[in-house]
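Enquirer: just coords:
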């Protein structure tokens, strides 16, 4: 079942960055796309530009999430909404940043899958794409964000087991640094400039292209995980920092 066999899609976190790029790409392929985000003005502009169906929704409002999404019949879910708060060491993170990060990146993502996956299984067609991160695959200096994306990784892996025989495919996309608003919001403008300095980073269209590739392979193929980074970025490595015991 290639992309041309799908008719409808749901994209969360659609008002900018990767989400907006995916909405644009799917609309260009002729799909009906429900675009979900909190920022009404951004969504309306995207709808004017692409012809998507805008849906203003805070995914952390679980009741509103099920009211809005529970009745939708979608072939493709791109579970993209996410944020990064509390990139400092966990023992210094504000409690509200813990709630915001896990509430959006994990709890809301699980509820979105729950809201639409049952319909996919009943129709024996569908594709769930979860946007993870290389932070969910390798150690980074953020226990909170890494934990949230590690949860997305295992969510995707375990869904593959649960959905075996259903006709529903699951893909996880794990990008490195991408030129979006995410990093500026997470660490501030100056820190983001430093993180991006010296090499060319990914752009949202790069990630959208990877998603369309995974969607467009023959039905017999499931692209489980795509790890993608800028050419000059690598993940992993060991840093040894001496402990000052005073």
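Expert: Okay, I see it. Just so it is clear, the structure is predicted and the values come from calculations on it, not from any experiment.

Enquirer: from here on, contacts and neighbour counts on C-alpha atoms
Expert: Noted.

Enquirer: and what about residue 81, helix, strand or coil?
Expert: coil (DSSP: H, G, I helix; E, B strand; the rest coil).

Enquirer: might you report the residue contacts of it?
Expert: 12, 13, 14, 19, 37, 104, 105, 109 (Cα atoms under 8 Å, 6 or more residues apart in numbering).

Enquirer: the residues you listed in helices, which ones?
Expert: 19, 109 (DSSP state H).

Enquirer: could you rank the contacts of residue 81 by neighbour count and give me the top one?
Expert: residue 14 (30 neighbours; other Cα atoms under 10 Å).

Enquirer: distance check, it against residue 163.
Expert: Counting by Cα to Cα, to the nearest Å, the gap from residue 14 to residue 163 is 26 Å.

Enquirer: return the member of the contacts of residue 81 nearest to residue 47.
Expert: Among those, residue 14 lies closest to residue 47 (Cα to Cα), at 10.4 Å.

Enquirer: give me the number of residues near the residue lying closest to that closest one once chain neighbours are set aside?
Expert: Using Cα to Cα, 6 or more residues apart in numbering and skipping residues adjacent in sequence, the residue nearest residue 14 is residue 20, 4.8 Å away. By the criterion of other Cα under 10 Å, residue 20 has 24 neighbours.

Enquirer: what residues are up against residue 20?
Expert: 13, 14, 46.

Enquirer: so how far is residue 78 from it?
Expert: Taken as Cα to Cα, the span from residue 20 to residue 78 is 11 Å.

Enquirer: please apply the same query to residue 141.
Expert: Taking Cα to Cα, one finds residue 141 at 27 Å from residue 78.
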